[in-house]
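A.B. asks: What would the 3D arrangement of this be:
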Amino acid sequence: MLMMMIKTLRDFCPVTPPCILENLLPTSKIINLIIEEKPQKYQLYPLVPKLSQNQIVKKNQTISAVTMQSFRNLGVNIASKHCHFQKASFWNTKKKPDIHNFVELGTVSGELEVPEHIEKPPYYYEFSKPGSTIGKPEIKNPEQIQRMRESCKLAANILKSSQQLAVEGITTDEIDRFVHNEALKANAYPSPLRYSGFPKSVCTSVNNVACHGIPDDRRLMDGDIINIDITVFFNGFHGDCSKTYLVGNVDERGRHLVKSNEECLNKAIGLCAPSVPVNIIGGFCESFAKLSKLKVIPAFVGHGIGSFFHGPPEVLHFIMQTGMTFTIEPIFTTGEEQEIEIQEDGWTAMTVDGARTSQFEHTVLITESGVEILTLPD
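C.D. replies: Below is the predicted model:
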C-alpha cells in the first residue's frame, strides 16, 4: 500500500515541499527508517486510492511527499529526478508542482588551456572582482561600435552552433569544451574563463539553476531546459548572449516558460531608443511575466558591456543614449519565490523553491534611430 509521509513539525523545517521520489527504497524500508530513527518528526497518512494529477508514481514501491533534506538527515541517498520544492503544504497547494529533473552540483573538470597567441583580458593574468555596474555609461565611438559588432556576431554564431549539443546524454562539460574550442578557432577568448575566478568557458544553467551554472559531469536528461550563456573577448571587446534550449520532450509548462521568456526579451528590446529611461525594461519584463503567470528573478539584471565584461549602465536608472551598448537578459521562473541561493561553488545561482527558470539575452546598441541587436547570428 502506498503511504504518504508528511512532515508536520515546523521546528524542523518551516515549509513542507512536496517531493516525488522514484525507485528509491521499498515502502517498508523507508517507513522503518522514519519510525525507528526519527519517529517524533513525522506523522504518516494513508494515501487516497485515486492519486492526484500532480503526482508521479511509476511503481508501487514509490513514496511521495517528503523533503529531500529530511531524507538526507535519515541517511537515505536519494535521486533527485522529478523533484520540486514548493512553499505551503501539499494539501492546500493552489499551483501545480513544477515537476522536473532537479539539478544538484556535479564534478567540475580542470581548466582548459588557452594558447599564447590568443588576446586575453586583464583578469586572465590577475584575479579581479566582478566589474561594477555603478557609474557613468560608456558611449562608444564608431570604431568601438564596429568591434562590438564583430565580437557580438561571433558570440551569436557560437551560441547557434551550441544548440546541437542540447540533447539528452550530453554533459554540460562537453558543451563547455565545444564552446571553448569554437572561440579559440576564431582567435577569440572565452570571456567567462577566470572572470573573478570562474573556472569554465561558458555558463550552463539547467532547470532550477537560474544563472551562472558551472559546467560539470551531469548529463542532460529528457525534459530538461538549459540556458547556454556565451561571451567572447575578440579584438579587445566582449560580446554576450544566451538562449534557453529544450532537451527532448519538455512538458507544456516548461515550453510556456521558455517561449514567454524569449518573447519578453524581444519585446523589451523594441522599447529601446535614445532618451528612453533604461529602467523601463525591468518594469516591462516584470509586467510581462505576471501576465504570463510567471515571475522574474530580480537579483540579476542587464549590464553595460564593451572592453569590460560588466560595467555601467546597470539596467535600472539611466537614460539611453546613442552609442551605449548593454545587455538585456530577463530570467523567468515558474515558482512562487523570486529568490535565489548561491551555491558552495560561489557562482551557481539556484532558485530557493527548486522551480525551473529560463533566460534569454542579447547585447544591444542604441542608435540615433532606435536600437540594433548586436548578437544576431548569421
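
A.B. asks: For the rest of this, base every contact and every neighbour count on C-alpha atoms.
C.D. replies: Fine.

A.B. asks: which element is residue 104 on?
C.D. replies: If you go by DSSP states H and E, residue 104 is not part of any helix or strand.

A.B. asks: Can you give me the neighbour number for residue 269?
C.D. replies: For residue 269, the neighbour count with other CA atoms under 10 Å is 19.

A.B. asks: What segments of the stretch 101-250 of the chain are helices?
C.D. replies: 142-162, 172-185 (DSSP state H, counting those that start in this stretch).

A.B. asks: Now tabulate these in a markdown table and tack on distance to residue 251.
C.D. replies: Listed next are the helices of the stretch 101-250 of the chain as a markdown table, based on distance: least, CA to CA, whole Å:
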| stretch | distance to residue 251 |
| --- | --- |
| helix 142-162 | 22 |
| helix 172-185 | 21 |
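
A.B. asks: To residue 327, which of the ones you listed lies closest?
C.D. replies: Closest to residue 327 of the helices of the stretch 101-250 of the chain, according to CA to CA: helix 142-162, at 10.9 Å.

A.B. asks: Can I get the closest one in PDB, CA atoms only?
C.D. replies: Presented in PDB, the C-alpha positions along helix 142-162 are these (Å, rounded to 0.1, in the frame of the first residue of the first chain):
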ATOM      1  CA  PRO A 142      32.200  54.300 -34.500                       C
ATOM      2  CA  GLU A 143      35.400  52.200 -34.300                       C
ATOM      3  CA  GLN A 144      34.500  50.700 -30.900                       C
ATOM      4  CA  ILE A 145      31.000  50.000 -32.200                       C
ATOM      5  CA  GLN A 146      32.400  48.100 -35.100                       C
ATOM      6  CA  ARG A 147      34.500  46.000 -32.800                       C
ATOM      7  CA  MET A 148      31.400  45.300 -30.700                       C
ATOM      8  CA  ARG A 149      29.600  44.100 -33.700                       C
ATOM      9  CA  GLU A 150      32.300  41.700 -34.500                       C
ATOM     10  CA  SER A 151      32.600  40.200 -31.000                       C
ATOM     11  CA  CYS A 152      28.800  40.000 -30.600                       C
ATOM     12  CA  LYS A 153      28.400  38.300 -34.000                       C
ATOM     13  CA  LEU A 154      31.000  35.700 -33.100                       C
ATOM     14  CA  ALA A 155      29.300  35.000 -29.800                       C
ATOM     15  CA  ALA A 156      25.900  34.700 -31.500                       C
ATOM     16  CA  ASN A 157      27.300  32.200 -34.100                       C
ATOM     17  CA  ILE A 158      28.900  30.100 -31.400                       C
ATOM     18  CA  LEU A 159      25.700  30.100 -29.400                       C
ATOM     19  CA  LYS A 160      23.800  29.000 -32.500                       C
ATOM     20  CA  SER A 161      26.300  26.100 -33.100                       C
ATOM     21  CA  SER A 162      26.000  25.000 -29.500                       C
END
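
A.B. asks: Which residues belonging to that helix are considered buried?
C.D. replies: 144-145, 147-160, 162 (16 or more other CA atoms under 10 Å).

A.B. asks: One more: stretch 253-260?
C.D. replies: So for stretch 253-260, counting by 16+ other CA under 10 Å, buried means 254-255, 257-258, 260.

A.B. asks: Next one: residue 145 from residue 324, what distance?
C.D. replies: As for residue 145, its distance to residue 324 is 9 Å (criterion: CA to CA, to the nearest Å).

A.B. asks: Just the strands from the stretch 251-378 of the chain, written as ranges.
C.D. replies: 295-296, 325-328, 331-333, 340-342, 349-351, 357-359, 362-366, 371-373 (DSSP state E, counting those that start in this stretch).

A.B. asks: now the third one, how far from the centre of its chain.
C.D. replies: Put simply, strand 331-333 sits 8 Å off its chain's centre (CA atoms, centre = their mean, to the nearest Å).

A.B. asks: Which residues outside that strand are in contact with it?
C.D. replies: Strand 331-333 has contacts (CA atoms under 8 Å, 6 or more residues apart in numbering) with 210, 257, 261, 289, 294-298, 300, 355-360.

A.B. asks: picking that back up, dump the buried residues of stretch 253-260 into JSON lines; add distance to residue 280 and pLDDT as well.
C.D. replies: Supplementary listing: the buried residues of stretch 253-260 in JSON lines, determined by distance: CA to CA, whole Å; pLDDT from 0 to 100:
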{"residue": "254", "distance to residue 280": "27", "pLDDT": "97"}
{"residue": "255", "distance to residue 280": "26", "pLDDT": "98"}
{"residue": "257", "distance to residue 280": "22", "pLDDT": "98"}
{"residue": "258", "distance to residue 280": "22", "pLDDT": "99"}
{"residue": "260", "distance to residue 280": "18", "pLDDT": "98"}
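
A.B. asks: If you rank every helix and strand of this structure by mean pLDDT, what lands last?
C.D. replies: Lowest by mean pLDDT, DSSP states H and E among the helices and strands of the chain is strand 42-46, with a mean of 27.

A.B. asks: Report the contact partners of the nearest residue to residue 231 once chain neighbours are set aside.
C.D. replies: Excluding the flanking residues, the one nearest residue 231 by CA to CA, 6 or more residues apart in numbering is residue 240, at 4.3 Å. Residues in contact with residue 240 (CA under 8 Å, 6+ apart) are 152, 155-156, 229-232, 327, 361-363, 375.
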